[in-house]
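*Asks:* dropping the sequence and predicted coords here.
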Amino acid sequence: MNADPIGIFDSGVGGLSVLKEVNNLLPHEDIIYIADQVHVPYGERLIQDVCLYSDGIARFFIKRKTKLIVVACNTASAVALHHLRKKFPGIPFVGMEPAVKPAAESTLSGMVRVLATPATFHGELYASVVERFANGVTIIQDTCPGLVSQIEKGELFSSETLLILQNALSPMMKQGVDRIVLGCTHYPFVIPLITKIIGPKIQVIDPAPAVARQVMRVLTGDRILRSTKEPGTIQFLTTGEVVFLEPMLEKFIGFKGPVRKILWNNGDLGELISHTE
């Protein structure tokens, strides 16, 4: 039995889509979730800053004896995952990889649209995935400006969110795209709105379930899977304002629970502050 927790982090609420899948697949594991909302969105930050934030969060998790860290952010995975694995070789990291491979393998039209942040598109990880798996397939990219901010505000069905998605998706109806890859962990929360725009014939690929399966494979392979029938616990932490994240938990993933605030201090995450303070 290994009772050490899993650490999951993102710049905001997007990583909750990954947390939900991990919890569904591994309900007996304890989880610590960090939303670095004081720096959201990572996709608009400098690469070196995202690396610094990821480094600080990893050190926080390691101090709390996490046995595996999930970088539940496509931007952080694109620019910092290699750095984290090199700097902290004693702990396994699972990152987000744009699901270009399954899209390229299953497309009938040869046209795939990828929705992601600019930092993800400019990262070596994305370029490597496209090079390896998208031969003979046309990849159309869109950064969906403003979509992450809308989702962070909980505006999943607002007219502004609809307009952002219409601008990104409407042109593809004429291009013959039949697969849409969600390259940001925030985007699965607007799948119902995406489906409303594009209809049922175009497949939307959410990578979160595959990430959860990879977490299980790593824990099983390293023999650190928790062997208990007791349900695990989940701690929710934010560097932003607790009052913003708490109502999102039930709205986004159906969870109720306190959120605790944690502060940055010269590149390190400091002591936890009770949600009641």
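*Replies:* Looks like it arrived, so ask away.
*Asks:* and the helices in the stretch 1-150 of the chain?
*Replies:* With DSSP state H, counting those that start in this stretch as the criterion, the stretch 1-150 of the chain has helices at 16-25, 47-63, 74-87, 100-106, 118-122, 124-133, 147-152.
*Asks:* would you single out the least confident of the ones you listed?
*Replies:* Per-stretch averages of pLDDT across the helices of the stretch 1-150 of the chain put helix 118-122 at the bottom, with a mean of 85.
*Asks:* helices or strands up against that one?
*Replies:* helix 74-87 (3 or more Cβ pairs under 8 Å, 6 or more residues apart in numbering; DSSP states H and E). Any C-beta I mention is one placed from the backbone N, CA and C, and that applies to glycine too.
*Asks:* next, the angle helix 124-133 makes with the helix it packs on.
*Replies:* Between helix 74-87 and helix 124-133, the angle comes out at 100 degrees (axes from the mean of the first three to the mean of the last three Cα atoms, to 10 degrees).
*Asks:* flag the shaky bits of the stretch 151-277 of the chain, pLDDT-wise.
*Replies:* Across the stretch 151-277 of the chain, residues meeting the criterion (pLDDT under 70) sit at 273-277.
*Asks:* which residue ranges of it form helices?
*Replies:* Residue ranges of the helices in the stretch 151-277 of the chain, as given by DSSP H, counting those that start in this stretch, are 159-169, 172-175, 191-198, 208-221, 242-253.
*Asks:* mean neighbour count added to those, as TSV?
*Replies:* Converted to TSV, those look like this (neighbours: other Cβ atoms under 10 Å):
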stretch	mean neighbour count
helix 159-169	16
helix 172-175	12
helix 191-198	15
helix 208-221	17
helix 242-253	17
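*Asks:* quick one: which of those is nearest residue 107?
*Replies:* Each of those has some distance to residue 107 by Cβ to Cβ; the shortest is helix 172-175, at 12.2 Å.
*Asks:* quick check: domain ranges of this structure?
*Replies:* 6-96+209-273, 100-206 (automatic domain parsing).
*Asks:* nearest to residue 240 among the helices of the stretch 1-150 of the chain would be which one?
*Replies:* Closest to residue 240 of those, according to Cβ to Cβ: helix 147-152, at 9.3 Å.
*Asks:* report all helices and strands that that closest one contacts.
*Replies:* Contacts defined by 3+ Cβ pairs under 8 Å, 6+ apart place helix 147-152 against helix 159-169.
*Asks:* one more time with 10 Å, if that's ok
*Replies:* Contact here means 3 or more Cβ pairs under 10 Å, 6 or more residues apart in numbering; DSSP states H and E; on that basis helix 147-152 packs against helix 159-169, helix 242-253.
*Asks:* which residues sit against that helix?
*Replies:* 11-14, 17, 35, 37, 40-44, 75, 115, 117, 144, 155-158, 160-165, 167-168, 184-190, 240, 244-245, 248, 252 (Cβ atoms under 10 Å, 6 or more residues apart in numbering).
*Asks:* residue 153: how many residues sit nearby?
*Replies:* Counted with other Cβ atoms under 10 Å, the neighbours of residue 153 add up to 14.
*Asks:* residue 118 versus that one, what's the distance?
*Replies:* Separation of residue 153 from residue 118 (Cβ to Cβ, to the nearest Å): 20 Å.
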